[in-house]
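1. sharing a model that was predicted from the sequence below.
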Amino acid sequence: MLCFYNTLTARKEPFSPLQAGQVRMYTCGPTVYEYAHLGNFRTFVSLDILGRYLKYKGFRLKHVMNYTDVDDKTIRNAQQAGLELRAYTEKFIEAFQVDCRLLNIETPETVVRATDHIDDMAKMVEGLVAQGHAYHSDNSTYFRISSFPAYGRLSRIDLSGMKAGARVDQDEYEKDDVRDFVLWKASKPGEPCWDTSFGCGRPGWHLECSVMSMKYLGESFDIHAGGTDLIFPHHENEIAQSESLTGKPFVRTWVHVEHLLVEGKKMAKSAGNFFTLRDLLKNGSKPSAIRYLLASVPHRKQLNFTFDALHQAQQSLERLRNFQYRLQKETFAPGEDPDLNRRVTEAKQKFEEAMDDDLNTARAFAAVFDLVRDGNTAMDESRFQQGNIKACLEMLEVWDRIFGALPDDDYEKLKESGVNQELPPGQQVFPERISVPRRATRGVVELGQGTPLTLRHETLSDSEIESRIEEREQARRARDFARADEVRKVLDQAGIFIEDTKAGTRWKRK
């Protein structure tokens, strides 16, 4: 039975949608004032896995995600750049879309921008004022927290220190700052402004997600998801304003993803301890390994980012790919080992039990790697037979259907992404032509501003690599092992990884 931990009730609950067979889910997308960092993508990868698994379980998924393209930060940065708000945010929306493709994050069925829904937001403000839940003050409009007795049930915040009538204008504020929050902000010189029946201004951040989620999913829907940093005040305020307007339960299940840490601290732009995907690409990391690492720890557990962990993720991913390669390329005796096929059935059962248990990705990974170990052992001991190939390949396909990292297609995605054109000369990524040494410490990689990168150019074409490998094979057959080792070293220095298997020598660019 599929279960999720529901932040609203603080317990794990069996999941069943409001409409049989159909899941309506809203996820808070990025605030497009800068490049999204790896901590953001920890959330987006986790929620991608959530959506993929819901579809795997047979649900029809209606997934809506927003771009916050008007708030304090987007306005501030657009002004500093001397650009109109739309022109400024467009760059970072496009960058986010590229990053999602590199990380194999599926695009939600509906993706919306806050600035395309201003009229809907103004109508919600009018409705809340008419019902006595909001009031105008100094040309802005605020939600009256005292009008909603259930305020605080999501975050379990202490309301005893709340001061009646005290107001907060910022979109983001401290976790213990319980005051009436702004729904609509009065216009300021130089800021974007929209005319309404109650004056010219722009929406507050919390209002935006309530309006967009209910517009596309209805007044009550199944899942609302985001990072744990959004529980208060953002999601708490969404509940208050939405349920005050409709009188109906807003969301049945709240799913939150824990922080990505660096040296034990939350990765955040405000802390200056963040990496963007482009930072890691410039350091030679592969998008598939990054996705694997972000997926490997269950979403309700904090994940501490280190370069060592990223390197281990790449190695683990290669174990899966090498097992798939052996299944596809090696020759096995006719017949079928029933015990091994039984192991596949057990692995799939354990995999699904783990994912049903609040998306326990660590246990799901373990189930598949136990099978890989048993399968490789059977191959090495000549017990693996032709009749075992299909079941093992299908189990790998199930894993990849959810986790989306098995295909070895990083180079192709990077070529298609256009990321090279966005990077300064000397830091452009040509993964089929360079190898960047991994700079790892026992703790965290340091990628300070202006960090020099040593790029080692590789000029061998695919045909040249194949020719060198054939030269090495001829040397080995002639028992000229010194020459074979010399060729291997040349390939290694050129950034080519080779592996000898029963099916022949396999190579790939590092």
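-> Noted; the coordinates are in hand.

2. what residues of the host helix or strand of residue 64 count as buried?
-> In this assignment (DSSP states H and E), residue 64 forms part of strand 60-67. Using 16 or more other Cβ atoms under 10 Å as the burial criterion, the residues of strand 60-67 that qualify are 61-67. For the C-beta atoms, the positions are set from N, CA and C on the backbone; glycine is no exception.

3. is the nearest residue to residue 26 once chain neighbours are set aside in a helix, a strand, or coil?
-> Distance criterion Cβ to Cβ, 6 or more residues apart in numbering; nearest residue to residue 26, sequence neighbours excluded, is residue 213 at 4.1 Å. Three-state call for residue 213 (DSSP: H, G, I helix; E, B strand; the rest coil): helix.

4. so how far is residue 477 from residue 213?
-> 66 Å (Cβ to Cβ, to the nearest Å).

5. compare these two (neighbour count), which wins?
-> residue 213 (26 against 9; other Cβ atoms under 10 Å).

6. contacting residues for that one?
-> 26, 64, 66, 221, 224, 238, 242 (Cβ atoms under 8 Å, 6 or more residues apart in numbering).

7. again with residue 46
-> With contact set as Cβ under 8 Å, 6+ apart, residue 46 has these partners: 257, 294-295, 299, 359.

8. if we ignore the residues flanking it in sequence, what's nearest residue 396?
-> residue 324 (5.4 Å).

9. what segments of the stretch 101-250 of the chain are helices?
-> Taking DSSP state H, counting those that start in this stretch, the helices of the stretch 101-250 of the chain run over residues 118-130, 205-217, 236-246.

10. could these go into JSON lines alongside distance to residue 197 and mean pLDDT?
-> Listed next are these as JSON lines, based on distance: least, Cβ to Cβ, whole Å; pLDDT from 0 to 100:
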{"stretch": "helix 118-130", "distance to residue 197": "7", "mean pLDDT": "98"}
{"stretch": "helix 205-217", "distance to residue 197": "16", "mean pLDDT": "97"}
{"stretch": "helix 236-246", "distance to residue 197": "17", "mean pLDDT": "98"}
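
11. what pLDDT does the nearest residue to residue 314 once chain neighbours are set aside get?
-> In space, and not counting its chain neighbours, residue 314 is closest to residue 289: 4.0 Å by Cβ to Cβ, 6+ apart. Predicted confidence (pLDDT) for residue 289: 96.

12. for residue 289, grab the count of nearby residues.
-> Counted with other Cβ under 10 Å, the neighbours of residue 289 add up to 22.

13. quick one, what contacts it?
-> So residue 289 contacts 310, 313-314, 317, 405 (Cβ under 8 Å, 6+ apart).

14. and residue 219, by the same measure?
-> Residue 219 makes contacts with 242, 246, 248, 250, as judged by Cβ under 8 Å, 6+ apart.

15. cutoff 7 Å now
-> Shown in contact with residue 219 (Cβ atoms under 7 Å, 6 or more residues apart in numbering): 246, 248.

16. from residue 461, how far off is it?
-> For residue 219, the distance to residue 461 - Cβ to Cβ - is 60 Å.

17. same question for residue 495.
-> 13 Å.

18. list residues touching both of those two?
-> What both residue 495 and residue 461 touch, as defined by Cβ under 7 Å, 6+ apart, is an empty set.

19. residue 336 against residue 384, yeah?
-> No. With contacts counted by Cβ atoms under 7 Å, residue 336 stays clear of residue 384, the gap being 9.9 Å.

20. please say which of the two ends up with more neighbours.
-> Ranked by neighbour count (other Cβ under 10 Å), residue 336 and residue 384 place residue 384 first, with 24 against 15.

21. residue 332 is in contact with the more buried one, correct?
-> Yes. Between residue 384 and residue 332 there is a contact under Cβ under 7 Å: 5.3 Å.

22. between the two, which contacts overlap?
-> By Cβ under 7 Å, 6+ apart, no residue touches both residue 384 and residue 332.

23. quick check: which of the helices of the stretch 101-250 of the chain is nearest to residue 51?
-> Closest approach to residue 51 among the helices of the stretch 101-250 of the chain is made by helix 205-217 (14.0 Å; Cβ to Cβ).

24. let me see the contact set for the nearest residue to residue 226 once chain neighbours are set aside.
-> Excluding its sequence neighbours, the residue lying closest to residue 226 (Cβ to Cβ, 6+ apart) is residue 28, at 3.9 Å. Listed by Cβ under 7 Å, 6+ apart, the contact set of residue 28 reads 66, 209, 226, 230.

25. and the gap between residue 28 and residue 291?
-> When residue 28 is compared with residue 291 (using Cβ to Cβ), they lie 20 Å apart.

26. which residue of the protein sits farthest from its center?
-> In the chain, residue 478 marks the outermost C-alpha relative to the chain mean, sitting 50.6 Å out by Cα atoms, centre = their mean.

27. which residues in the stretch 251-400 of the chain form helices?
-> 277-282, 287-296, 307-329, 338-356, 361-380, 389-403.

28. make CSV out of these and add distance to residue 133.
-> Compiled in CSV, the helices of the stretch 251-400 of the chain are given as follows (distance: least, Cβ to Cβ, whole Å):
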stretch, distance to residue 133
helix 277-282, 41
helix 287-296, 39
helix 307-329, 47
helix 338-356, 39
helix 361-380, 40
helix 389-403, 41
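
29. residue 15 reaches residue 2, doesn't it?
-> Yes. Counting by Cβ under 7 Å, residue 15 does reach residue 2; the two are 4.8 Å apart.
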